[in-house]
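Structural data only, the sequence is not supplied:
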């Protein structure tokens, strides 16, 4: 699978709550945005946890596309370095692969503010595995499974 259309990208409840919008999704590049408003810590800065959720989301989507039909990807390691604060506007995350293997996919995620300044850098490693028929990828939304309807 080389790409999936942004409307077909499975979106978690967390990503919906954070306002994450996927603009582009392929194994080679995933781009998504997230508003700063509503995702801040008490001092008014973009919350590091929201940045981490954005980074893990875009990297996981890339790994899922790389995995292909009948396979899934689950995050097993996430590291985020925060370089500068964002107080307003939107941040954009771009995930690009560092390694795309049969069982492991690793992505670097650059997060930038509206001025194009890097606010964070993340690295996500996902385990790529075969979806078990007794454990569909999205049990409540079989139509959202990139491999087609969930087995079972």
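That came in fine, so what should we check first? Everything numeric here is computed off the predicted structure, so don't read it as measured data.

Tell me the secondary structure at residue 52.
helix (DSSP: H, G, I helix; E, B strand; the rest coil).

same deal with residue 17?
helix.

who are the neighbours in contact with it?
With contacts defined as Cβ atoms under 8 Å, 6 or more residues apart in numbering, residue 17 is in contact with no residue. For every residue, glycine as well, the C-beta is placed using N, CA and C.

For residue 35, see how far away it is.
11 Å (Cβ to Cβ, to the nearest Å).

Let me see the ranges of the strands in this structure.
21-25, 30-35, 71-82, 90-100, 104-112, 118-130 (DSSP state E).

Just checking: what are the partner strands of the third one?
The partner list of strand 71-82 in its sheet, established with DSSP bridges, is strand 118-130 (antiparallel).

now the second one
In the sheet, strand 30-35 lines up against strand 21-25 (antiparallel), strand 90-100 (antiparallel) (DSSP bridges).

Just the angle for it relative to strand 104-112, thanks.
40 degrees (axes from the mean of the first three to the mean of the last three Cα atoms, to 10 degrees).

what's the answer for the first one, then?
Going by the same axes, to 10 degrees, strand 21-25 is angled at 130 degrees with respect to strand 104-112.

Next, the buried residues of strand 21-25.
Within strand 21-25, the residues scored as buried using 16 or more other Cβ atoms under 10 Å are 21-22, 24-25.

if we can go back for a sec, can you list the strands paired with strand 30-35 in TSV and add distance to residue 59 and mean pLDDT?
Below are those laid out as TSV (distance: least, Cβ to Cβ, whole Å; pLDDT from 0 to 100):
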stretch	distance to residue 59	mean pLDDT
strand 21-25	11	95
strand 90-100	5	98
